[in-house]
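# Quick check, what structure comes out for this input:
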Amino acid sequence: MQAYHVTGGKGIESLKRVTLESKALGPYEVRVRVRAVSLNFRDLMVADGNYLKGSGAPVIPASDMAGVVAAVGERVTRFRVGDRVMGAFMPDWIDGEPTPAKTALAPGAATDGVLAEEAVYAEHGLVATPAGLSDEEAATLPCAAVTAWNALFVGGRAQAGQTALLLGTGGVSIWGLQLAKAAGLRAIVTSSSNRKLEQARELGADVLINYRETPEWQAEALRQTDGEGTHVVVEVGGQGTLERSVAAVRMGGTVSMIGGVSGFGATPVAPLALIGGAKRLEGIFVGSRKMLEDLARFVSVAGIKPVIDRVFGFDEAPAAFAHLASGSHFGKVVIRVAP
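Purely as a prediction, here's the structure:
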């Protein structure tokens, strides 16, 4: 089969197309013909050597795919040949609280990912693709959409009529905006680009804040909520933004910490800001297979169409990584592996 390899620490320039042998199927395993792969900021971190310190050996990158079942092991009961499926980000985290054992396996970092013509999963690591989504659209669900779902409704505990603050316009934030509006939340979106803010408005954003023009964006979020603050913040920045997010969230609210686009270094958060406001700082590590299943049902019922910035061909994978790294995208960057 055709696949791509990337070497951690050597950047996206190390991305190379290779020919590999197909893996033999175990009795409970499923071979998926990969049709589409979506990229995440994590994939850039893996290439740069900033995600996991592995052996330095090449690995197939990317965690998120949608495809069709090509073959099943002799004891597989959950899927049949021809079924359309998505791969869970952490295939062994089925439900419940995360544990080290449940979250140990996440393709595309320490182990091979899905930027290949086929991928092999344990049957419990797959979820049926919603009928209303194309493979390119479905490929955006396993990491970005599940992370947004967890950040808003599981860890974030948000409910209809409340307010969510979404930082930036990357894949998770745009998914968060779409989910928030479909669930009846008020949405505040920040960006440094007025063009992207207008795109967010078209998706239903209620309040737009350009953080370059308004550096004290947490104060504007408070003003827009009559001084109360937002019920949940989807915090993607990390260094340089976390302290402001804590200030922007209401008493009893949640800052869902999902990433560090601006850096993973230490950032000051005054303990009294959390204690005095009874605020929660919740670490969001994507989510379980059940969250992906719940999300898929919600997307289907709500008729949500994922926002895809651009679809690249399999031969254009290096350009797709470069486009993601440029930060110019709005929504998800997807690679079409097969028609």
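
# how about the nearest residue to G161, chain neighbours excluded?
Among residues not flanking G161 along the chain, G184 sits closest, at 6.3 Å (C-beta to C-beta, 6 or more residues apart in numbering). Where C-beta positions appear, they are placed from N, C-alpha and C, glycine not excepted.

# give me every residue that touches V120.
The contact partners of V120, taken as C-beta atoms under 8 Å, 6 or more residues apart in numbering, are 23, 25, 29-32.

# Distance of the residue nearest to G161 relative to S300?
Going from G184 to S300 by C-beta to C-beta, to the nearest Å gives 18 Å.

# Kindly confirm my reading that V81 is in a helix.
No - judged by DSSP: H, G, I helix; E, B strand; the rest coil, V81 forms no part of a helix; its state is coil.

# That one touches A71, doesn't it?
Yes - judged on C-beta atoms under 8 Å, V81 makes contact with A71 at a distance of 6.5 Å.

# which residues touch D95?
288-290.

# Kindly report the same for L185.
152, 158-164.

# Looking at G184 and S300 now, which is surrounded by more residues?
More crowded of G184 and S300, by other C-beta atoms under 10 Å: S300, with 14 against 11.

# name the element the more buried one belongs to?
helix 289-302 (DSSP states H and E).

# would you put the C-alpha positions of that helix in CSV?
The C-alpha atoms that make up helix 289-302 are tabulated as CSV, following Å, rounded to 0.1, in the frame of the first residue of the first chain:
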residue,chain,number,x,y,z
ARG,A,289,-15.6,6.5,21.4
LYS,A,290,-19.0,7.1,23.1
MET,A,291,-18.5,10.9,22.7
LEU,A,292,-17.8,10.3,19.0
GLU,A,293,-21.0,8.3,18.7
ASP,A,294,-23.0,10.9,20.6
LEU,A,295,-21.5,13.6,18.5
ALA,A,296,-22.3,11.7,15.2
ARG,A,297,-25.9,11.4,16.2
PHE,A,298,-26.1,15.1,17.1
VAL,A,299,-24.5,16.1,13.8
SER,A,300,-26.9,13.9,11.9
VAL,A,301,-30.0,15.2,13.7
ALA,A,302,-28.9,18.9,13.6
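
# Touching that helix from outside, list them.
Taking C-beta under 8 Å, 6+ apart as the rule, helix 289-302 contacts 86, 88-91, 93-95, 124-125, 127-133, 141-142, 145-146, 149-150, 154, 179, 182-183, 304.

# buried subset of the residues you listed?
Buried subset of the contacts of helix 289-302 (neighbour count, 16 or more other C-beta atoms under 10 Å): 86, 88-91, 93, 125, 127, 129-130, 133, 141-142, 145-146, 149-150, 154, 179, 183, 304.

# can you put the contacts of D95 in JSON lines and add distance to T230 and pLDDT?
As requested, these are exported to JSON lines (distance: C-beta to C-beta, whole Å; pLDDT from 0 to 100):
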{"residue": "S288", "distance to T230": "25", "pLDDT": "98"}
{"residue": "R289", "distance to T230": "29", "pLDDT": "98"}
{"residue": "K290", "distance to T230": "27", "pLDDT": "98"}
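
# need the strands for the stretch 151-300 of the chain, in chain order.
Under the criterion DSSP state E, counting those that start in this stretch, the stretch 151-300 of the chain contains strands at 163-167, 186-191, 207-210, 230-235, 249-257, 280-283.

# Show me what the second one is packed up against.
For strand 186-191, the elements it packs on are strand 163-167, helix 171-182, helix 194-202, strand 207-210, helix 217-224, judged by 3 or more C-beta pairs under 8 Å, 6 or more residues apart in numbering; DSSP states H and E.

# From the rest of the structure, what touches the shortest one?
Right, strand 207-210. 186-194, 197-198, 200-201, 217, 220-221, 224.

# That strand pairs with which strands, and in what direction?
Here strand 207-210 has these sheet partners by DSSP bridges: strand 186-191 (parallel).

# Tell me the gap between the strand it pairs with and the middle of its chain.
Relative to its parent chain, strand 186-191 has a centroid offset of 18 Å by C-alpha atoms, centre = their mean, to the nearest Å.

# And stretch 123-141, by the same measure?
That offset, for stretch 123-141, works out to 14 Å (C-alpha atoms, centre = their mean).

# For this structure, which element, helix or strand, carries the lowest mean pLDDT?
helix 271-275 (a mean of 85; mean pLDDT, DSSP states H and E).

# Only C-alpha atoms, please: export that helix in PDB.
Only the C-alpha atoms of helix 271-275 are listed here, as PDB (Å, rounded to 0.1, in the frame of the first residue of the first chain):
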ATOM      1  CA  PRO A 271      -5.300  30.500  42.600                       C
ATOM      2  CA  LEU A 272      -7.800  33.000  44.100                       C
ATOM      3  CA  ALA A 273      -9.100  33.600  40.600                       C
ATOM      4  CA  LEU A 274     -10.300  30.000  40.500                       C
ATOM      5  CA  ILE A 275     -11.100  29.600  44.200                       C
END
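
# more neighbours, V81 and A71?
Neighbours were counted for V81 and for A71 using other C-beta under 10 Å; A71 has more, 15 against 12.
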